[in-house]
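Q: got a structure for you, letters missing:
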């Protein structure tokens, strides 16, 4: 079942259901024994969704937010280097496909082979890092589910949507194309939170579906930009591994060109997506949330 709330059901129970499902499937993905990176990718996506729910309920969770979010972030960090190594080859393949005419075949083979070796070096830690991540998730599972069940309410979700939208709006790089990779990456993280949170209401609201689709497109552009930034950092950290200076310079030039195009697109999309003040989204969210029931004891937070 998708990461969506079912209408006419208590909102706290629905959020609890989604968090339980994603935590359980993240653990299953990491213990299935796959070594192709698919399990890690699936687990990381699920952890990002759970953390988006925690941020949605940030104020209602109180001190529990920092406790649980820090633990899940630690688990995700264990997996990040493994997934990043896999993504580097995918990113370079896409870059080569776009700029094949300026890259020599010899340079492409050299770079791809080195990126494959890089991935194999990271995979040597695969079993240990998976085990560490699973241990953290199993320790946190029940407490996170209980905390979400206790904190979930219409008021908390409405507050959380407004807060996340405001944070993403403030994170738009003020320096535009001159902003650094860290600024664009921070914006991407904020955008991803809003995307996941708005997508909770896609099943029942057309305007939520439209907004989620636009946020997804923005997040993908920012994600591609981030992957290229990681590829650049990897190559410049040890350039001789990737070929002669001229070949490396050509690839770095292609990265710069592609990043510029992605950032221009992202800034244009962001200007339209975040043109309205946060209070406007809060008013829209009232209609989204109204379809969800209120559990007993939560009427005051409705």
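A: That came through, no problem. Predicted model, so just to flag it, every value in this text is computed and none were measured.
Q: which element is residue 111 on?
A: Counting by DSSP states H and E, the element that carries residue 111 is helix 105-123.
Q: going by neighbour count, which residues of that helix are buried?
A: 107-108, 110-112, 114-115, 118-119, 122-123 (16 or more other Cβ atoms under 10 Å). Quick note: C-beta positions are derived from backbone N, CA and C, even for glycine.
Q: now those residues as CSV including distance to residue 223?
A: Below are the buried residues of helix 105-123 laid out as CSV (distance: Cβ to Cβ, whole Å):
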residue, distance to residue 223
107, 25
108, 23
110, 26
111, 21
112, 21
114, 23
115, 18
118, 20
119, 19
122, 20
123, 22
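Q: can the residues you listed go into TSV with extra columns for pLDDT?
A: Output for those, formatted as TSV (pLDDT from 0 to 100):
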residue	pLDDT
107	96
108	97
110	97
111	97
112	96
114	96
115	95
118	90
119	89
122	84
123	83
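Q: of these, which is the nearest to residue 78?
A: Of all these, residue 78 sits closest to residue 122, with 11.9 Å by Cβ to Cβ.
Q: with adjacent residues omitted, what lies nearest to that closest one?
A: residue 85 (4.0 Å; Cβ to Cβ, 6 or more residues apart in numbering).
Q: quick check: mean pLDDT of the host helix or strand of that neighbour?
A: Assigned by DSSP H and E, residue 85 belongs to helix 63-98. In this model, helix 63-98 has a mean pLDDT of 93.
Q: in terms of secondary structure, what does that helix contact?
A: helix 38-56, helix 105-123, helix 126-151, helix 206-237, helix 245-273 (3 or more Cβ pairs under 8 Å, 6 or more residues apart in numbering; DSSP states H and E).
Q: return the member of the buried residues of helix 105-123 nearest to residue 270.
A: The shortest gap between residue 270 and any of the buried residues of helix 105-123 belongs to residue 115, at 30.5 Å (Cβ to Cβ).
Q: my guess is the closest one meets residue 89, correct?
A: Yes - if you go by Cβ atoms under 8 Å, residue 115 and residue 89 touch, sitting 4.7 Å apart.
Q: residue 199 versus the residue nearest to residue 122, what's the distance?
A: 28 Å (Cβ to Cβ, to the nearest Å).
Q: repeat for residue 221
A: Distance from residue 221 to residue 199, by Cβ to Cβ: 17 Å.
Q: and for residue 71?
A: 24 Å.
Q: the more surrounded of those two?
A: Using other Cβ atoms under 10 Å as the criterion, residue 71 and residue 199 rank with residue 199 on top: 22 against 16.
Q: tell me who's in contact with that one.
A: 3-4, 208, 212, 215-216 (Cβ atoms under 8 Å, 6 or more residues apart in numbering).
Q: any quick ChimeraX command for the buried ones out of the residues you listed?
A: For the buried members of the contacts of residue 199, the matching ChimeraX selection, counting by 16+ other Cβ under 10 Å, is:
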select :3,4,208,212,215,216
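Q: farthest pair in the contacts of residue 199?
A: The two members of those with the most space between them (Cβ to Cβ) are 4 and 215, at 14.8 Å.
Q: which one is residue 116 nearest to, not counting chain neighbours?
A: Distances taken as Cβ to Cβ, 6+ apart put residue 89 closest to residue 116, at 6.5 Å, once the chain neighbours are dropped.
Q: residues making contact with the lowest-mean-pLDDT helix or strand in the chain?
A: The helix or strand with the lowest mean pLDDT-type score in the chain, counting by mean pLDDT, DSSP states H and E, is helix 278-290 (a mean of 90). Contacts to helix 278-290, defined as Cβ under 8 Å, 6+ apart, come from residues 11, 154, 157-158, 161-163, 165-166, 169, 201, 204-205, 207-208.
Q: out of those residues, which comes closest to residue 242?
A: Among those, and counting by Cβ to Cβ, the member closest to residue 242 is residue 169, at 38.4 Å.
Q: before we move on, back to that, which of the helices and strands packed on helix 63-98 sits most buried?
A: helix 38-56 (a mean of 22; mean count of other Cβ atoms under 10 Å).
Q: what helices or strands is it leaning on?
A: Other helices and strands packing on helix 38-56, by 3+ Cβ pairs under 8 Å, 6+ apart, are helix 11-31, helix 63-98, helix 126-151, helix 154-170, helix 181-199.
Q: make TSV from these and add distance to residue 270 to it.
A: Output for these, formatted as TSV (distance: least, Cβ to Cβ, whole Å):
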stretch	distance to residue 270
helix 11-31	27
helix 63-98	22
helix 126-151	29
helix 154-170	8
helix 181-199	7
